[in-house]
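Participant: fold the following and give me the result.
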Amino acid sequence: MRVLIAADENAWGGMIQSFRQTLPDVEFVASAGHAAESLAGFDALIPGMCKVDASLLATADRLKLIQQAGAGLEGVDIAAAKAQNVMVANVPSDTSGNADSVAELGIWMMIGLARQQQEIANCLARQRLGQPVGMGLMGKTVGLVGLGGIGKALAKRLLAFGMRMIGVKREADENFARAHGLAWVGEMAQLPALLAESDFVVLSLPDNPQTHHIIDGQALSQMKPGSFLINLGRGGLIEKSAFLTALERQTLAGAGLDVFWQEPPDPQDVVFRHNVIATPHIGGVTDISLAGNVAGVCDNLRRLRDGETIENRWA
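Facilitator: Predicted coordinates for the structure are as follows:
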């Protein structure tokens, strides 16, 4: 069985090597860059950040499975895959350890922004003790936009910080709010209310037609003055020009970004001139989540090889 991986050989913290060690009888072929030009000769595809559309699927001659190494399937045309009898599956973030790892990164960003991380080095260099004055998280309000695996993992951890939590998801859910310690959980139409109340807004949504540019100029104008925005979902959730304007005018105090409009981002991008804590899409790149994703991917590839039922199917 041959599996194409749309990523560089050394991508994802050694995950590709782990695939080979787990399934030594399967041939794994890594492509150059986060892309794929042809699916001919492959039984399965691990797409990563590669866009899988009808034209790419048309190059397949024996493809049976598109297996994501993680949860995100926004780049996969599931309907086109289904039309060609190609199964699509992922590894849910709340079972792989991915959500836990992403949540930890988000909290690290919150603390860094609250404690003026970018000023700390200057204060040390200038021998200024007791500076900068930070913001404590206790008693502050965090708005969770998206309450899937990552949102739930954040809520579980933020309870210990004594923060007030509010959230929005597809549907308002009082039972969810009670179960996870949120003051309220509204539908997406209540996003303006969440933005107005939150000292920190954390995005953990997929990028799709309903969520693309959900944080645009209007949404940014609705945010509480001096608040922070953290994006753990996808770059397309934020409209870039409006975001940069908010940073320049300092109506937005700062941001944490693990995802970008272009990946990898240009190191010279003007976004890095502002109060931004940036990481190179590493939210789910930890020993725990890598092990969970390897286990999930390899289990389904083994199932494909052995003619068993594929788990976590979307098509």
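Participant: can you list the buried residues in stretch 26-34?
Facilitator: Taking 16 or more other Cβ atoms under 10 Å as the neighbour-count basis, stretch 26-34 is seen to contain the buried residues 26, 28, 30, 31, 34. Just so you know, the C-beta spots here come from the backbone N, C-alpha and C atoms, and that holds for glycine as well.
Participant: make CSV out of the residues you listed and add pLDDT and secondary structure.
Facilitator: Listed next are those as CSV, based on pLDDT from 0 to 100; DSSP: H, G, I helix; E, B strand; the rest coil:
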residue, pLDDT, secondary structure
26, 96, coil
28, 96, strand
30, 91, strand
31, 88, coil
34, 65, coil
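Participant: which neighbouring elements make contact with the lowest-mean-pLDDT helix or strand in the chain?
Facilitator: Least confident element among the helices and strands of the chain, by mean pLDDT, DSSP states H and E: helix 93-96 (a mean of 87). Judged by 3 or more Cβ pairs under 8 Å, 6 or more residues apart in numbering; DSSP states H and E, helix 93-96 is in contact with helix 149-158, helix 287-306.
Participant: can you add mean neighbour count, mean pLDDT and distance to residue 183 and give the ones you listed back as JSON lines?
Facilitator: Shown next, in JSON lines, are these (neighbours: other Cβ atoms under 10 Å; pLDDT from 0 to 100; distance: least, Cβ to Cβ, whole Å):
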{"stretch": "helix 149-158", "mean neighbour count": "23", "mean pLDDT": "96", "distance to residue 183": "11"}
{"stretch": "helix 287-306", "mean neighbour count": "19", "mean pLDDT": "95", "distance to residue 183": "29"}
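Participant: mind checking what secondary structure the residue lying farthest from the centre of the chain has?
Facilitator: Within the chain, residue 127 marks the point farthest from the mean C-alpha position, 37.7 Å out by Cα atoms, centre = their mean. Of the three states, residue 127 takes coil under DSSP: H, G, I helix; E, B strand; the rest coil.
Participant: tell me the spacing between it and residue 296.
Facilitator: The spacing between residue 127 and residue 296, counted by Cβ to Cβ, to the nearest Å, is 50 Å.
Participant: next one: residue 257
Facilitator: Relative to residue 296, and taking Cβ to Cβ, residue 257 is found at 26 Å.
Participant: which residues touch the residue minimising distance to the centre of the chain?
Facilitator: What sits nearest the mean C-alpha location of the chain, by Cα atoms, centre = their mean, is residue 233, with 3.4 Å. Applying Cβ atoms under 8 Å, 6 or more residues apart in numbering, one finds that residue 233 lies in contact with 146, 150, 203, 204, 205, 206, 207, 211, 259.
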